[in-house]
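Structure of the sequence below:
(one chain, ligands or ions: 1)
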Amino acid sequence: MKAMVFTKFGPPQSVLQLQEIPQPKPQDHQVLVKIHTSAINDYDWSMVRGKPYLYRLMYGLGKPKIPVPGMELAGTVEALGPEVTSFKKGDQVYGDTSAYGFGTFAEHLCIHENALVHKPANMSFEEAASISHASMLALQGLRDLGKIQEGQQILINGGGGGVGTFGLQIAKQYNAEVTGVDTGEKLNMMKDLGFDYVLDYRQQDFTRKGQQYDLILDCKTTRSPFAYLRSLKPKGRYITVGGALPRLLQMFLLKGFINRFSQKTLDILPLKPNKGLEYINQLYENDQIKCIIDGPYPLSEVPRAIQYFGEGKHAGKVVISVCDP
Ligand SMILES: NC(=O)c1ccc[n+]([C@@H]2O[C@H](COP(=O)([O-])OP(=O)(O)OC[C@H]3O[C@@H](n4cnc5c(N)ncnc54)[C@H](OP(=O)(O)O)[C@@H]3O)[C@@H](O)[C@H]2O)c1
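Below you'll find the model as predicted:
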């Protein structure tokens, strides 16, 4: 089968190569999936470059531990391990595989059945590949940790990316008033999608505008915890899903102290892959959520697509077309 393989860390376009590798066989609880589509994520950008260096503790110290990147898939079940109970051959599935392994930039993957859910029949493979990771960060950030309430004023920092575009649509289920912060070129798309207000982070610092929010969902975390506190209403909550490592460490070290002595809450989301996908499926089936897709690009263009993602040139989710259904 064809797969996008790397054997050393470096710029995606220098180290990733499309190669023929043996097709795996499913063991025990594993399902063999023929992958139709995948999507690019922050994990791929970090894993392939081995940066930030701290991440090499996960991805391999000197050279990559995982030969094929990619952590989202949509595809068809082709074979089953002897212990599989949730799926049968021919089922259409999708999911974020990161809790069980990587390797979705390939024509096939053997993965634990718990990494997959059934794909609604009316959802395309492109849409399915774009949903599992970003929508779960948004849902778990806003609903589970952020305790979103009807009619709140919410700000999404990084609103034009994968998490932000799903975050807006989830927040609108609660009739929230939503401000999105991102780069100038993405602001029109964000307005069209339904953000009430948009801000260009290159022109304005939202933490210095004097405006306060009930809930902030941050995909970028580039400022100190005290800057975010300034932008929260008295009982407001700030949830980060990711961002600059030094800022996340600062948040991790200070949030316990701040939360104890303030009515405001700061928190970091630890993602539980696929937990809540049934809610997103329901929204999709009721026509209450749509996927913002950049692409799809062919498997051979994964190196360029990862670079493009890393440079922040994309809008919504960058989707890869692997094999035709
Ligand atoms: N919590 C967890 O367990 C977990 C697990 C996996 C991943 N993550 C994290 O989740 C996040 C994924 O976000 P995503 O997929 O939505 O990323 P994304 O698609 O890259 O979106 C981020 C958006 O933020 C914009 N942006 C860049 N710098 C900004 C700034 N200073 N202020 C405001 N906006 C800015 C980017 O635009 P430009 O770059 O064009 O300016 C981009 O549109 C990442 O931080 C990732 O590390 C968390």
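
The helix or strand harbouring residue 309: how far from the chain's middle?
Assigned by DSSP states H and E, residue 309 belongs to helix 302-310. Between the centre of helix 302-310 and the centre of its chain there are 15 Å (CA atoms, centre = their mean, to the nearest Å).

Which strands or helices does it pack on?
Packing contacts for helix 302-310, counted by 3 or more CB pairs under 8 Å, 6 or more residues apart in numbering; DSSP states H and E, involve helix 12-15, helix 42-49, strand 293-298, strand 317-321. Backbone N, C-alpha and C define where each C-beta goes, glycine included.

Among those, show me which one is buried the most.
strand 317-321 (a mean of 25; mean count of other CB atoms under 10 Å).

could you check the angle helix 302-310 makes with that strand?
Relative orientation of strand 317-321 versus helix 302-310 (axes from the mean of the first three to the mean of the last three CA atoms, to 10 degrees): 170 degrees.

Now do strand 317-321, average pLDDT.
Mean pLDDT, strand 317-321: 97.

what's the answer for stretch 122-141, then?
Mean predicted confidence for stretch 122-141 is 97.

now the helices for the stretch 201-325 of the chain?
In the stretch 201-325 of the chain, the helices defined using DSSP state H, counting those that start in this stretch lie at 225-230, 245-261, 277-285, 302-310.

got those as JSON lines, with distance to the ligand columns?
Output for those, formatted as JSON lines (distance: least, CB to the nearest ligand atom, whole Å):
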{"stretch": "helix 225-230", "distance to the ligand": "12"}
{"stretch": "helix 245-261", "distance to the ligand": "9"}
{"stretch": "helix 277-285", "distance to the ligand": "15"}
{"stretch": "helix 302-310", "distance to the ligand": "6"}
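
Deepest-packed of those helices, please.
For the helices of the stretch 201-325 of the chain, where neighbours mean mean count of other CB under 10 Å, the stretch averaging the most is helix 302-310, with a mean of 21.

What residues does the chain have near the ligand?
Within reach of the ligand by CB under 6 Å from any ligand atom, the chain has these residues: 42-43, 134, 137, 157-158, 160-164, 181-183, 186, 201, 219-220, 222, 241-243, 269-271, 312.

Now do the helices in the stretch 1-150 of the chain.
12-15, 42-49, 56-59, 125-139.

so can I have a markdown table of the ones you listed showing distance to residue 174?
Converted to a markdown table, the helices of the stretch 1-150 of the chain look like this (distance: least, CB to CB, whole Å):
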| stretch | distance to residue 174 |
| --- | --- |
| helix 12-15 | 38 |
| helix 42-49 | 26 |
| helix 56-59 | 35 |
| helix 125-139 | 12 |
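
related to what we said a few turns ago, tell me which of the helices of the stretch 201-325 of the chain sits nearest to residue 58.
Closest to residue 58 of the helices of the stretch 201-325 of the chain is helix 245-261 (CB to CB; 12.8 Å).

I'd like the distance from the closest one to the chain centre, please.
Distance, centroid of helix 245-261 to centroid of chain: 23 Å (CA atoms, centre = their mean).

Just name whatever secondary elements that helix is in contact with.
Using 3+ CB pairs under 8 Å, 6+ apart: helix 245-261 touches helix 225-230, strand 265-268.

quick one: low-confidence parts of the stretch 51-200 of the chain?
For the stretch 51-200 of the chain, no stretch has pLDDT under 70.

of all of it, which residue lies closest to the ligand?
Nearest residue of the stretch 51-200 of the chain to the ligand: residue 161, at 1.8 Å (CB to the nearest ligand atom).

since we're on that residue, how many residues are nearby?
25 (other CB atoms under 10 Å).

before we move on, back to that, show me the residues of the chain next to the ligand that map onto strands.
157, 181, 182 (DSSP state E).

Out of the residues you listed, who's the most crowded?
That'd be residue 157 among these, by other CB under 10 Å, with 29 neighbours.

Kindly state the beta-bridge partners for it.
Legend: beta-bridge partners of residue 157 under DSSP bridges are residue 181, residue 218.

Residue 319 now?
residue 39.

same thing with residue 199?
residue 181.

got a list of what the nearest residue in space to residue 152 that is not next to it in sequence touches?
Excluding the flanking residues, the one nearest residue 152 by CB to CB, 6 or more residues apart in numbering is residue 214, at 3.9 Å. By CB atoms under 8 Å, 6 or more residues apart in numbering, residue 214 lies in contact with 149, 152, 153, 154, 232, 233, 235, 236, 237.
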